[in-house]
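Colleague: Sequence plus predicted model, see below.
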Amino acid sequence: MSRIVFSSPSTLPQLYSTSRRIVKMSVTQTMNSGVSFRSMAVKPPSHPTYDMKGVIKLALAEDAGDRGDVTCLATIPLDMEVEAHFLAKEDGIVAGISLAEMIFHEVDPSLKVEWSQKDGDHVQKGLQFGKVSGQAHNIVVAERVVLNFMQRMSGIATLTKTMADAAHPACILETRKTAPGLRLVDKWAVLIGGGRNHRMGLFDMVMIKDNHISIAGGIINAIKSVDQYLEQQNLQMEVES
């Protein structure tokens, strides 16, 4: 039986494939794609101007361009089908399982996906925790985008879990200092790791910072202006002491 390894060093999930096919697909609910996935253990945060499907489409377009995987086209028969397994390469919190399933569905709804773990579960190095089977070309097109997201999210979730456990009963919240275009992904990973989301952006909460105080001419002026503004807006003000 042939085996192809898709992985990079020092990452949590690893994907490899064989020529064996499986036929089982998981089923429950996801917020952003309109499809049902059993893997949706923690719902993603929401944003008023874009959603997770937009993030997925951009990531796939970035990697596949307008021609797809030309190496696959050159080396693999179009009708070849494979089974790919997800392996944990480190101990930690696995995250991005639901997102991975959404990506596979976006690339090819006929791909069959099965998981033995869910987002937020602790996995040990060497554990096989998922499978995807179907057309080889489509699995290979999706796999790097899937692994990039899962590696990033698993790292964030693992560190968040460590800090959340250490801070308990206090709560851990994140900031807006996320990678451009990946805020929904990063904040989702924090939720999976046991943290909480702070404001999504500049639009959903008033938060007076040094720049506002300086430009407004002092803290008193800034607070007075915010008080007037909040009378007509359904927003929150955070006070730091």
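Modeller: It's in. Numbers count the residues shown, from 1 in each chain.
Colleague: so what are the domain limits for this protein?
Modeller: Here the domain assignment for the chain is 3-151, 206-238, based on automatic domain parsing.
Colleague: ranking these by mean pLDDT, which is last?
Modeller: When these are compared by mean pLDDT, domain 3-151 comes last with a mean of 81.
Colleague: Now do the strands for this structure: every range, in order, please.
Modeller: All strands of the chain, identified by DSSP state E, fall at 3-6, 13-18, 81-88, 92-93, 112-115, 122-123, 128-135, 206-207, 237-238.
Colleague: list the contacts for the residue most central in space within the chain?
Modeller: By C-alpha atoms, centre = their mean, the chain has its centre lying nearest to V185, at 4.0 Å. Listed by C-beta atoms under 8 Å, 6 or more residues apart in numbering, the contact set of V185 reads M52, V55, L99, F149, R152, M153. (C-beta placed from N, C-alpha, C; glycine too.)
Colleague: Could you say which of the domains of the chain is packed most deeply?
Modeller: domain 3-151 (a mean of 18; mean count of other C-beta atoms under 10 Å).
Colleague: and it, how far out from the chain's middle?
Modeller: Distance, stretch centre to chain centre, for domain 3-151: 11 Å (C-alpha atoms, centre = their mean, to the nearest Å).
Colleague: Same check on stretch 136-152?
Modeller: The chain centre lies 12 Å from the centre of stretch 136-152; the measure is C-alpha atoms, centre = their mean.
Colleague: same deal with stretch 165-172?
Modeller: Worked out by C-alpha atoms, centre = their mean, stretch 165-172 lies 23 Å from the chain centre.
Colleague: Please state the mean pLDDT value computed over that stretch.
Modeller: Mean predicted confidence for stretch 165-172 is 95.
Colleague: Okay, angle between the longest helix anywhere in the chain and strand 81-88 too, please.
Modeller: The helix spanning the most residues in the chain, taking DSSP state H as the definition, is helix 136-167. Angle, helix 136-167 to strand 81-88, by axes from the mean of the first three to the mean of the last three C-alpha atoms, to 10 degrees: 20 degrees.
Colleague: Tell me if I'm right that H47 and R183 touch.
Modeller: Yes: using C-beta atoms under 8 Å, H47 is in contact with R183, at 7.4 Å.
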